[in-house]
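Enquirer: the amino acid sequence is not available; the structure is as follows:
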């Protein structure tokens, strides 16, 4: 099989998390940059990465990378690449683009030139002058950064955060990929109690349950590259079969989700059923101020309301004060929360042990991490 280069795109701040996931999957030549992790593999990597990665947004196949300072250079270098290795003569390809700090700054012009170059390449290969584009979809991106052109094909389709279990959501839901990353950053172990006291539509508890049961996040959804001719269907079938065989059907983790909104809890329960993890999450209608920590050495991860997006400021700040009152009492618990409120630590009543800058969609946030005492070794 061919040696191929890939890019796993990710939200800024999550590169290290995605890199660890890629290392666990056994891929090679791994390196990270802002918003992406590069790695290498073969054709079987496409199903494996798409089905198993939890925190990445999508998997791009790199076709070529080069310097270009003129439209002529962009055309000729694009034309010289092996496009026919991936795009058949009826391939339905479209070009997207972006340009940052580059001499070729007109994105529409760059898109047009890249498309013309690919067509010229394919015309020579297939000996035809007209492309019907009635076949499988190929979304090509021409990304130019400081005059370096990177040409990729999206292997994912709908973003990887669309697991397929969330039919509906409450206001301002957290993306599944970010929820999984928050859990990975906490290094939660499945034998410890897990709580989200502002669970909304249940995304964080559901992602925790998927991790605990070792359910691959993309196991039940489809990907655009499944219809590509040069990726044998057996690769997809074998990857899914192996993923199903690795699910831990016996584990019963203690995962709890609560919210003050009855409608949110109803939605969360429905989403958990869709995800196949309703047997290990206990959802409850309960205001955060009434939470009691009945056991020790638990972990709380939550995405509470932000003052900028919902609720009155005073209500949100009182919620943060309640968090501090509850979780500062039990030193065995670890507490993690993501919020855009810059005064969170003062309201919580304690400076975080660690703070990480993250983006929740387009909202700049901080991930506040408070470490409890470690449980005794068994």
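Expert: Received the coordinates, thanks. The structure presented is a predicted model; accordingly, all values stated were derived computationally and were not measured.

Enquirer: going forward, measure contacts between C-alpha atoms and count neighbours the same way
Expert: Fine.

Enquirer: tell me the helix or strand right after the helix or strand encompassing residue 60.
Expert: Per DSSP states H and E: residue 60 is located in strand 58-67. Using DSSP H and E, the helix or strand that follows strand 58-67 in sequence is helix 71-79.

Enquirer: OK, contacts around residue 80?
Expert: Residue 80 sits next to residue 121 when contact means Cα atoms under 8 Å, 6 or more residues apart in numbering.

Enquirer: all numbers from here: first residue = 31
Expert: OK, 31 is where the count begins now, so the last one is residue 110.

Enquirer: and it, how far from residue 213?
Expert: Using Cα to Cα, to the nearest Å, residue 110 is found at 44 Å from residue 213.

Enquirer: now the helices for the chain?
Expert: For the chain, the helices defined by DSSP state H occupy 45-54, 75-82, 101-109, 137-156, 206-216, 233-242, 263-275, 292-305, 343-357, 374-378.

Enquirer: of those helices, flag the one that's most buried.
Expert: Ranked by mean neighbour count, these are led by helix 233-242 with a mean of 26 (mean count of other Cα atoms under 10 Å).

Enquirer: hmm, back to that, how about TSV for the helices of the chain, with mean pLDDT added?
Expert: Formatted as TSV, the helices of the chain follow (pLDDT from 0 to 100):
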stretch	mean pLDDT
helix 45-54	97
helix 75-82	98
helix 101-109	98
helix 137-156	96
helix 206-216	97
helix 233-242	98
helix 263-275	98
helix 292-305	95
helix 343-357	94
helix 374-378	97
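
Enquirer: including distance to residue 170, could the ones you listed go into JSON lines?
Expert: Formatted as JSON lines, the helices of the chain follow (distance: least, Cα to Cα, whole Å):
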{"stretch": "helix 45-54", "distance to residue 170": "23"}
{"stretch": "helix 75-82", "distance to residue 170": "16"}
{"stretch": "helix 101-109", "distance to residue 170": "12"}
{"stretch": "helix 137-156", "distance to residue 170": "9"}
{"stretch": "helix 206-216", "distance to residue 170": "23"}
{"stretch": "helix 233-242", "distance to residue 170": "30"}
{"stretch": "helix 263-275", "distance to residue 170": "22"}
{"stretch": "helix 292-305", "distance to residue 170": "31"}
{"stretch": "helix 343-357", "distance to residue 170": "43"}
{"stretch": "helix 374-378", "distance to residue 170": "42"}
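
Enquirer: which of these sits closest to residue 184?
Expert: Smallest distance to residue 184 across those (Cα to Cα): 10.3 Å, for helix 75-82.

Enquirer: the closest one packs against which elements?
Expert: Packing contacts for helix 75-82, counted by 3 or more Cα pairs under 8 Å, 6 or more residues apart in numbering; DSSP states H and E, involve strand 88-97, helix 263-275.

Enquirer: quick check: domain ranges of this protein?
Expert: 34-184, 206-243+278-400 (automatic domain parsing).

Enquirer: so which of the helices and strands packed on helix 75-82 is nearest residue 241?
Expert: helix 263-275 (12.6 Å).

Enquirer: run the chain-centre distance for the closest one.
Expert: Remark: helix 263-275 is offset 21 Å from the chain centroid, using Cα atoms, centre = their mean, to the nearest Å.

Enquirer: can you give me the angle it makes with helix 75-82?
Expert: Interaxial angle of helix 263-275 relative to helix 75-82 (axes from the mean of the first three to the mean of the last three Cα atoms, to 10 degrees): 30 degrees.

Enquirer: name the surrounding residues that touch helix 263-275.
Expert: Outside helix 263-275, the residues that touch it by Cα under 8 Å, 6+ apart are 74, 77-78, 81, 245-246, 249, 256.

Enquirer: show me which of these is closest to residue 349.
Expert: Among the contacts of helix 263-275, residue 245 lies closest to residue 349 (Cα to Cα), at 33.0 Å.

Enquirer: per-residue confidence for the closest one?
Expert: Residue 245 is assigned 98 on the pLDDT scale.

Enquirer: ditto for residue 191
Expert: Here, the pLDDT recorded for residue 191 equals 96.

Enquirer: now do the contacts for it.
Expert: With the criterion set at Cα under 8 Å, 6+ apart, residue 191 makes contact with 84-87, 205-207.

Enquirer: ditto for residue 153
Expert: Shown in contact with residue 153 (Cα under 8 Å, 6+ apart): residue 159.

Enquirer: might one say that residue 111 is in contact with residue 92?
Expert: No: contact between residue 111 and residue 92 fails when scored by Cα atoms under 8 Å: they sit 10.9 Å apart.

Enquirer: same drill for those two, tell me which one is more crowded.
Expert: The residue with more neighbours, out of residue 111 and residue 92, is residue 92; 19 against 16, by other Cα atoms under 10 Å.
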